[in-house]
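S.K.: Sharing a model prediction with you, sequence too.
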Amino acid sequence: MIEVEVKLKIADPAEVEARLLQLGFAAAGRVRETDAYYDNAAAEIRTGSAALRIRKVEELSLGKMEEAKGASLPSIPEERRTVSGPSFLEKTGKCPSAAYAVITYKGQKLDRVTMTRPEYETEVSDPETADKILAALGYHVVPPEVMKLRKNLVRGEMTACLDHVQGLGDFLELEILVEESRTVDESRRMEKSRIAEEDPPVGKSRTAKKSRRMEKSRRMEKSRRMEKSRTAEEDPLAGKCRIAEESQAEGGKGENPLPIPATEEEIIGRRSMTTTAKRKAALDRIEEVLTKLGCSLEDTVTNSYLSMLQGREDA
């Protein structure tokens, strides 16, 4: 998936939330999140402008939202940090249980204006074991942990996140997940696989017959066009009359009433937008919301919360 995302600092979260509700967004829950980011000794993930994290999430009721501002989720053990220092858990002594956890890899950013990048994420039932697996692969926690309270609002495929980040303040994130387009070869393989699963004995023959029918239709149409062209060259007036008569009989308009049947590649290409086009369409929808909020892309920030807490710029 490609996550098309913009992020901006906000002064009044309540006002922004009210305006989002007016724009048709609906409340979709409140959570407390603790993010532990990982990298190896050479800092290859950070220098590659990517991100690897384990996120622990606790769902909150409306009444718990204010209470949660002084607590965090369980921290990664001290010995698993690359730099020593007391965790927020150790400072507060508060340790509510996480409802679930997810591991996420975010690839390199695709532009310098937004936070758009490939994203791959899945839930993990045991984050402590996932942490040990990453450690065995040479990845350790990069401090500090990012702790925030998040209100989610949704409208269609767009999600608005109102974040209160410990140590940074309040932010708004707007994001749309875009499915990456399949190549022609991938689409063809999936179609053949689907046919074979529905009817294994005839899956291959059905695909072959379809290809032969399409090729035969293309040859017939090509022959017809060549005949029209030859007639027009030998007798221009008669040729035009014949083309007009055939066009009227077929209910078409102009000299080419029947297009050459599309190839399989052309059909697949028409059925889906390219990933770039999908990204642009998603960003256009996000920009429309920003405009109605009185903001623009110029107001957005492109640094991650981790980078801001560390006081550095993203690579």
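M.R.: Happy to help now that I have it.
S.K.: Checking my notes, Tyr105 in a strand, right?
M.R.: Yes: under DSSP: H, G, I helix; E, B strand; the rest coil, Tyr105 sits within a strand.
S.K.: tally of neighbours for it?
M.R.: For Tyr105, the neighbour count with other Cβ atoms under 10 Å is 16. C-beta: built from backbone N, CA, C; applies to glycine.
S.K.: Please enumerate the strands of this protein.
M.R.: All strands of the chain, identified by DSSP state E, fall at 2-9, 26-39, 51-60, 100-106, 117-124, 140-155, 158-165, 169-178.
S.K.: isn't Val146 right next to Leu306, touching?
M.R.: Yes: Val146 lies in contact with Leu306 (Cβ atoms under 8 Å); the separation is 5.5 Å.
S.K.: Please enumerate the shared neighbours of those two.
M.R.: Overlap of the contact sets of Val146 and Leu306 (by Cβ atoms under 8 Å, 6 or more residues apart in numbering) consists of 35, 37.
S.K.: Tell me where the model's unsure across the chain.
M.R.: Low-confidence segments of the chain, defined by pLDDT under 70, span residues 62-98, 181-211, 230-273, 315.
S.K.: in it, which spans are helices?
M.R.: Here the chain has its helices, by DSSP state H, at 13-22, 44-47, 64-67, 88-92, 127-136, 184-198, 200-234, 236-250, 264-271, 275-292, 305-310.
S.K.: contacting residues around Val113?
M.R.: Counted by Cβ under 8 Å, 6+ apart, Val113 has contacts 297, 300, 302.
S.K.: Narrow the residues you listed to those that are buried.
M.R.: 300, 302 (16 or more other Cβ atoms under 10 Å).
S.K.: from the contacts of Val113, which is closest to Lys56?
M.R.: Thr302 (25.3 Å; Cβ to Cβ).
S.K.: Now the closest one. Its backbone dihedrals?
M.R.: Thr302 has phi and psi values of phi -110, psi 10 when expressed as degrees, to the nearest 10.
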